[in-house]
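> Sequence below, structure please.
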Amino acid sequence: MSEYNTFLEYYRKNIITESPFRTGRSFSEEMDDNAYNHTAAIEIIGNKTHIGDINVLGVDYSIYADKFENTINYFITKQPMVNVFFSFKISDGGVIMTGVWNRINAKGSARELIFNYYLKKYQFVISDKLQSTQGENYWKKLMIKAITNGYKVTVMTDKDEHDIDDVDKYWGNTAKFFNYRFKIYSK
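Okay, the predicted model is just below:
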């Protein structure tokens, strides 16, 4: 039995950040718990702002927004279940992602939402500086798909930005990797 009553409570106390510095943390077991998820979905529907609807990979989602430390968008199915959520900051016409979660049986949905929702609404998407192992896999697949589909993808440090030449060389457990962030531009 967990110390948390809902999925949302768990997330808020254990915010996952996703980006280049590999943290090795993963909360997938707790976050994929159907009871927490269903309870959180009902709570979100009742208390958060409905901002739209979208179909991705054949699944209809209702989108709800919450303002916590960052903006959080929840993509909720009809069951209701939270299949995906993003935590982000809006900056200079784009978004800086601070958290990404994708329910285990809806894998690929978060990547598709980047292209079919965020990159249609904003000028760019930037990763944060910390990543779990799952986050590393997520951003690598996202960048490969972006490059394959003709999106401009860059790596950023505090001082510069340059095109990606090798998606595998920007992750690691040492301090040098802490400054890397990835940026995907809308078309």
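> Wait, residue 128 touches residue 96, no?
Yes. The pair residue 128 / residue 96 is scored as a contact, 6.5 Å apart, by Cβ atoms under 8 Å. (Each C-beta comes from the backbone N, C-alpha and C, glycine too.)
> Touching both of these two, which residues are there?
Taking Cβ atoms under 8 Å, 6 or more residues apart in numbering as the criterion, residue 128 and residue 96 both touch residue 181.
> Pick out whichever of those two has more residues nearby.
residue 128 (23 against 20; other Cβ atoms under 10 Å).
> Test my guess that residue 73 contacts residue 63.
Yes. With contact defined as Cβ under 8 Å, residue 73 and residue 63 form a contacting pair (5.8 Å).
> for the closest residue to residue 66 other than its chain neighbours, which residues make a bridge with it?
Leaving aside its sequence neighbours, residue 66 sits nearest to residue 72 (Cβ to Cβ, 6 or more residues apart in numbering; 4.4 Å). Residues in a beta bridge with residue 72, per DSSP bridges, are residue 66, residue 87.
> State the pLDDT value of residue 72.
On pLDDT, residue 72 comes in at 90.
> for it, what are its contacts?
65-66, 85-88, 99.
> ok, of those residues, which one's closest to residue 34?
Nearest to residue 34 among the contacts of residue 72, counting by Cβ to Cβ, is residue 85 at 15.7 Å.
> Helices of this protein, start to end?
Remark: helices assigned in the chain by DSSP state H are 7-13, 28-31, 34-47, 109-113, 119-121, 133-148.
> Please report the distance of the spatially most central residue of the chain from residue 145.
Nearest to the geometric centre of the chain sits residue 100, at 2.3 Å (Cα atoms, centre = their mean). Residue 100 sits 14 Å away from residue 145, going by Cβ to Cβ, to the nearest Å.
> And for residue 137?
For residue 137, the distance to residue 145 - Cβ to Cβ - is 13 Å.
> The two: who's more crowded?
Neighbour count, other Cβ under 10 Å: between residue 137 and residue 145, residue 145 has more, with 17 against 12.
> By mean pLDDT, point me to the weakest helix or strand of this protein.
When each helix and strand of the chain is scored by mean pLDDT, DSSP states H and E, strand 21-22 comes last, with a mean of 38.
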